[in-house]
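In: What follows is a predicted protein model with its sequence.
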Amino acid sequence: MPKMSWLKTTVLFLCVLCIGATSNRRNVGSPPSQGHFAVRDHTGGHICLLADMGLQFKIVYAKNDGKDGTSVLNLPRTANATGFCGSDNSSLTLTFHDDAFNVTFDFVKSARRTGASRFHVSAIEISYTELSSFFPGTKSPDGRRQVKNNTMDIFSADADKSYMCNTDMNITVTKDVSILVRKVQLQPFGVKSGQFSWAQVCSQDSGDKGGVNIAAIVIGVIAGVALLAGVFAYVMMSEKKRQDYRSLNSD
């Protein structure tokens, strides 16, 4: 084995890993950016609902060729926020892409056996138009679609607090529509001075002070693979040197 062949092999292997990771990232689309959204009450104009989050929608649709396609689109940070705030029910609707898409989150507040009230998202409704720019090859260009799941029980926290989760969450709305939620903080009740109240952190973040650092994990895996490759190459080189040494002695 040439003296530097193990190094060349290791570098080549790392390049292949990097190319593969880049390719996979392109296939799933760019990650959603966190936006800041607020709803004001209809009387005094005060902020009564707050939502910080990034959303990515994945929608399966029928194509002209008889196959299924998948549209992946992110919620723009410039989406328009509307809704209402009540004593036990609140709602947030985010509209974007010239009213072609909108998603509505319905919140309910209910008392528990302990006497403390908690809120959660009870329903999600999504309406969208199959624009050719987002649904290439669609069988129903400009067709209007509406899906709803009214059996949700997610994003739960005490009614006087906010809900926070840094861990990515995948929400299945229907078999053809899902939402990736990233870096979410919500408060549909009891907002004071336009600011979030103390946050209750989701169970996925328990013991995690800042969420999972995906980049650090990837770098760690690559470094580990490189180390193993280097050790393997070193062992192979040492074995070859020993064999060469034995050959010289036998001569």
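Out: Perfect, I can see it now.
In: ok but Met237 is inside a helix, no?
Out: Yes: Met237: assigned to a helix according to DSSP: H, G, I helix; E, B strand; the rest coil.
In: Could you give the average pLDDT over whichever helix or strand Gln56 is part of?
Out: Assigned by DSSP states H and E, Gln56 belongs to strand 47-62. Mean per-residue pLDDT for strand 47-62: 98.
In: Which other helices and strands does that strand contact?
Out: strand 35-40, strand 68-74, strand 80-85, strand 89-96, strand 101-111, strand 177-187 (3 or more C-beta pairs under 8 Å, 6 or more residues apart in numbering; DSSP states H and E). Bear in mind the C-beta positions are built from the backbone N, C-alpha and C, glycine included.
In: List the strands paired with whichever helix or strand comes after the fifth one, with their directions.
Out: Put plainly, it is strand 101-111. Of the helices and strands lying after strand 101-111 in sequence (DSSP H and E), the nearest is strand 117-129. Looking at strand 117-129 with DSSP bridges, its partner strands are strand 101-111 (antiparallel), strand 144-149 (antiparallel), strand 154-158 (antiparallel).
In: Give me the contact list for the second one.
Out: Contacts of strand 144-149 with the rest of the structure, by C-beta atoms under 8 Å, 6 or more residues apart in numbering, involve 123-130, 172-174, 176-177.
In: ok, now with 10 Å
Out: 59, 61, 100, 102, 104, 106, 121-130, 135, 171-177 (C-beta atoms under 10 Å, 6 or more residues apart in numbering).
In: Hey, what's the angle from that strand to strand 47-62? Just curious.
Out: For strand 144-149 and strand 47-62, the angle between their directions (axes from the mean of the first three to the mean of the last three C-alpha atoms, to 10 degrees) works out to 120 degrees.
In: ok so, going back, out of the strands paired with strand 117-129, which comes closest to Arg40?
Out: strand 101-111 (15.8 Å; C-beta to C-beta).
In: Output the below-cut-off pLDDT ranges for the stretch 51-200 of the chain.
Out: 114 (pLDDT under 70).
In: mind running it again at 90?
Out: 111-116 (pLDDT under 90).
In: ok, which stretches of the stretch 151-251 of the chain are strands?
Out: Per DSSP state E, counting those that start in this stretch, the stretch 151-251 of the chain carries strands over the ranges 154-158, 162-165, 169-172, 177-187, 199-201.
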